[in-house]
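>>> Sharing a model prediction with you, sequence too.
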Amino acid sequence: MTSFALAYPRGMVVAGRRKSIAFFIALGVGLIAVTVLLYVGWVLLSWRTGLLLALGVVLLALIISGVVLNTIFLVREIRRNEQHDAFINAVTHELKTPVASIRLYLETLQTRQVDEAKRHEFYRIMLEDSDRLLSTVEQVLRAGRIGASGKRLTVLPIDLDAMVTECLNRARTVHRVPVESLKHIPSSPLQVLGDPEEVRAAISNLIDNAVKYSGKEVDVTVETTRSDQKFAVVRVIDHGPGIAKSELKSIFKRFYRVPGPVAARVKGTGLGLFIVRSVAKRHGGRVWAESEGPGRGSTFVLQLPIAL
């Protein structure tokens, strides 16, 4: 399955999968229709036999249930394979692009004479590509670690606003955005209880996600507040492309990316929001997304337990 997805253009693979889904749905509907017609004919011929009629009803229900379940499982498996293939394609692209870029600049430095300013520019670009490469590898490894059932949390009190400030400073450096593009509205002193490494990864993923999908005009605000006596929340608000209401829950699934031109423009592995949801659940909190629809921005809310 993997080699198939890598050997052929993704559009051809997706089109093939959709045809398969349509085929199985049509097959299921056809079998149910044939069964119903046969049953109606049999009832008309044997309507006097009450016992056989009752058994026939049970048999018909079992057959229809079996066909429906079979179709559901087949469609689900096809969609799962499609998501795996999309993930492999995305990761391959995210790994191959910076490696190819680094190799190109190294070859240029090796074979041609460049002035000092150009040399420093090449070094800067190669370092940025290296950071991008490491970020992708770390994202994949983190998803694997969080998914491992045996991993235990190292729970400590965390100064929430200090951690948000740290994540914002990192995002300004990584994405090269000015200070005013990433705003912070802190709460009164507030500590949450959690694993610092995982909480940092969750907040950073939300901020990175907001910056990436904002395009050229980055305007992101991060708020921290106490929601009640037990929980604190981190709100990451952007003015990006927004999210359709039908997609607000699906975006937290592993490998899932909202289909459309935005996903084609913004590269990703489909793991960032899955990691955020996993971290929230492991800490007894939750995460959700709010949006008024496409073109109207979005808000991601991460809820974490307060350190009492």
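That came through, no problem.
>>> OK, contacts around V262?
213, 241 (CB atoms under 8 Å, 6 or more residues apart in numbering). (C-beta placed from N, C-alpha, C; glycine too.)
>>> measure it to L127 for me?
The gap separating V262 from L127 is 28 Å, by CB to CB, to the nearest Å.
>>> Would you mind listing where the stretch 51-200 of the chain has pLDDT under the threshold?
For the stretch 51-200 of the chain, the stretches with pLDDT under 70 are 51-55, 147-151.
>>> which residues of it fall in strands?
156-159, 182-185, 191-194 (DSSP state E, counting those that start in this stretch).
>>> which helices and strands does the last one pack with?
Helices and strands in packing contact with strand 191-194 are listed as strand 156-159, strand 298-305; criterion 3 or more CB pairs under 8 Å, 6 or more residues apart in numbering; DSSP states H and E.
>>> K267 in helix, strand or coil?
For K267, the assignment made with DSSP: H, G, I helix; E, B strand; the rest coil gives coil.
>>> which ones are touching it?
Taking CB under 8 Å, 6+ apart, we find K267 in contact with 90, 93-94.
>>> Quick one: those as TSV, columns for neighbour count too.
Shown next, in TSV, are those (neighbours: other CB atoms under 10 Å):
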residue	neighbour count
A90	20
H93	13
E94	19
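>>> Inside helices: which ones of those residues?
Members of these lying in helices (criterion: DSSP state H): 90, 93-94.
>>> of all those residues, which comes closest to E290?
Taking CB to CB as the measure, E290 lies nearest A90 of the ones in helices among the contacts of K267, at 25.7 Å.
>>> List the contacts of the closest one.
Contacts for A90 were tallied using CB under 8 Å, 6+ apart; they are 257, 267-270.
>>> So how do I select the buried members of these in PyMOL?
For the buried members of those, the matching PyMOL selection, counting by 16 or more other CB atoms under 10 Å, is:
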select buried, resi 257+268+269+270
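>>> can the contacts of A90 go into TSV with extra columns for distance to R132 and pLDDT?
Listed next are the contacts of A90 as TSV, based on distance: CB to CB, whole Å; pLDDT from 0 to 100:
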residue	distance to R132	pLDDT
R257	18	80
K267	10	74
G268	12	76
T269	12	77
G270	17	82
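>>> Can you tell me which of the contacts of A90 is nearest A201?
T269 (13.9 Å).
>>> picking that back up, now, among the contacts of A90, which is nearest to L109?
Using CB to CB, the contacts of A90 come closest to L109 at K267, 26.5 Å.
>>> Which phi and psi values does that closest one adopt?
Torsion angles at K267 (phi, psi; degrees, to the nearest 10) stand at phi -80, psi 150.
>>> Roughly how far does it sit from V58?
Distance, K267 to V58, by CB to CB: 53 Å.
>>> in this structure, which residue is closest to the centre?
Nearest to the geometric centre of the chain sits G270, at 3.6 Å (CA atoms, centre = their mean).
>>> Now do the same contact list for it.
With CB under 8 Å, 6+ apart, G270 has these contacts: 83, 86-87, 90, 254-257.
>>> And it, which helix or strand is it part of?
Element membership for G270 (DSSP states H and E) is empty, with no helix or strand holding it.
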